[in-house]
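Asker: sequence plus predicted model, see below.
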Amino acid sequence: MKQFTSIHDVKNVDALIEKALFFKQNPIHSYIGERKVLGMVFFNPSLRTRMSTQKAAYNLGMDVIALNAGADGWAIETKDGVIMNGDKPEHINEAVQIMSSYCDILGVRTFAGLKNRNEDYAESILTKFLELSSVPVLSLESSTLHPLQSLTDMMTIRENGIKKPKVVLTWAPHPKALPQAVPNSFLQWVTKSDAEVVVTHPEGYELDIQFTQGATIEYDQNKAFEGADIIYAKNWSSYSAYGQILSTDRSWMVTKEKMALTNNASFMHCLPIRRNMIATDEVINESQVINQAGNRVWAAQAVLNELLNYEKENPNINEQGSIAYR
């Protein structure tokens, strides 16, 4: 695998899920990434993605360099053609080339600004990394997708052992406008699986149609929950009225009474979760969220393994960096 930015980079999704499950049972393979370096650049905060990916790299024997852009180094200008007379002395054009020369895999995390839909969906920062990096690029979440989370979600659903499950992605209220990356990405993966997929949300929260194809849209949350095997709750801001909060209707919070409508469904959420806003304490305390978050390590380990395999098959991939010297 040359890069990992979406499901489209994965040749065999089923095999990748099985590899993640294998690593969960057999975690330590330090010879695979021996003397290799994972670089991670964070333009936005991270807890699970940072720690799980770092742990996954250590399990494979890799060293890790993690950088908070603008805090651990110079502030980075990401736009081309600007006169750099402000407070950003480093340009992304040089920064990515240099960072990739120090690493064998380069990860980047960059959120949507939620001000301009065209700009966010163009994925300009991730695209720069893909264009300029001399080593495989790993998305640690982008403006529109979060593939590491989605692989984790598919692994967690598979662990439930239900054939052709009914999976419901439900919008839930939140005090802040949130990106569409997690729901977009989850739908991109789950609609390619052997599952019945339902998306439920208030009117006005329709996601980009490219991600909802293959799913049923249901505006009645209770009806959507009926007979469900998996309930995946997530807030997102409006796609049509881009970045706006159109509703904070707390009747969309997931409760024990709503879960009683399901087929004894497992409750999932990517975390962090706002208790008694997204879901009640009762629902969260009996949920899959801890196991789901723990699975982030094994999903990341499976992806890093695939990216390292690509690097082994292309030993001169980084002409300027450490690979060339080994």
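Answerer: Everything's here; your move. Numbers count the residues shown, from 1 in each chain.
Asker: so Ser150: helix, strand or coil?
Answerer: Under DSSP: H, G, I helix; E, B strand; the rest coil, Ser150 falls in the helix class.
Asker: residues contacting the closest residue to Glu77 other than its chain neighbours?
Answerer: Of all residues not flanking Glu77 in the chain, Lys88 sits nearest, at 4.0 Å (Cβ to Cβ, 6 or more residues apart in numbering). To be clear about C-beta, it is placed using only N, CA and C from the backbone, and glycine gets the same treatment. With contact taken as Cβ atoms under 8 Å, 6 or more residues apart in numbering, Lys88 is in contact with Trp74, Ala75, Ile76, Glu77.
Asker: at 7 Å instead, please
Answerer: Ala75, Ile76, Glu77 (Cβ atoms under 7 Å, 6 or more residues apart in numbering).
Asker: just the closest of those residues to Asn295, please.
Answerer: Ile76 (31.7 Å; Cβ to Cβ).
Asker: now neighbour count, pLDDT and secondary structure too, for the contacts of Lys88, in TSV please.
Answerer: Output for the contacts of Lys88, formatted as TSV (neighbours: other Cβ atoms under 10 Å; pLDDT from 0 to 100; DSSP: H, G, I helix; E, B strand; the rest coil):
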residue	neighbour count	pLDDT	secondary structure
Ala75	12	94	coil
Ile76	20	96	strand
Glu77	18	97	strand
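Asker: export these to CSV and tack on distance to Val37?
Answerer: Listed next are these as CSV, based on distance: Cβ to Cβ, whole Å:
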residue, distance to Val37
Ala75, 24
Ile76, 20
Glu77, 25
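Asker: closest to Leu148 among those residues?
Answerer: Nearest to Leu148 among the contacts of Lys88, with distances taken as Cβ to Cβ, is Ile76, at 22.3 Å.
Asker: neighbours around the nearest residue in space to that closest one that is not next to it in sequence, how many?
Answerer: Among residues not flanking Ile76 along the chain, Glu90 sits closest, at 4.9 Å (Cβ to Cβ, 6+ apart). When counting by other Cβ atoms under 10 Å, one arrives at 16 neighbours for Glu90.
Asker: and Glu90, what is it in contact with?
Answerer: Trp74, Ala75, Ile76, Glu77.
Asker: what ranges do the strands span in the stretch 51-200 of the chain?
Answerer: Taking DSSP state E, counting those that start in this stretch, the strands of the stretch 51-200 of the chain run over residues 63-68, 76-77, 90-91, 105-109, 137-139, 166-171, 196-200.
Asker: which of these sits closest to Pro179?
Answerer: strand 105-109 (11.9 Å).
Asker: for Thr212, see how far away the spatially closest residue to Val10 that is not a sequence neighbour is.
Answerer: What sits nearest to Val10 in space, not counting adjacent residues and going by Cβ to Cβ, 6+ apart, is Leu16, at 5.6 Å. Separation of Leu16 from Thr212 (Cβ to Cβ, to the nearest Å): 23 Å.
Asker: settle it for me: which of those two has more neighbours?
Answerer: A side-by-side neighbour count of Leu16 and Thr212, using other Cβ under 10 Å, places Leu16 first with 22 against 19.
Asker: pretty sure that one is in a strand, no?
Answerer: No - using three-state DSSP, the secondary structure at Leu16 is helix, not a strand.
Asker: I'd say it and Ala302 touch.
Answerer: Yes - with contact defined as Cβ atoms under 7 Å, Leu16 reaches Ala302; the gap is 5.5 Å.
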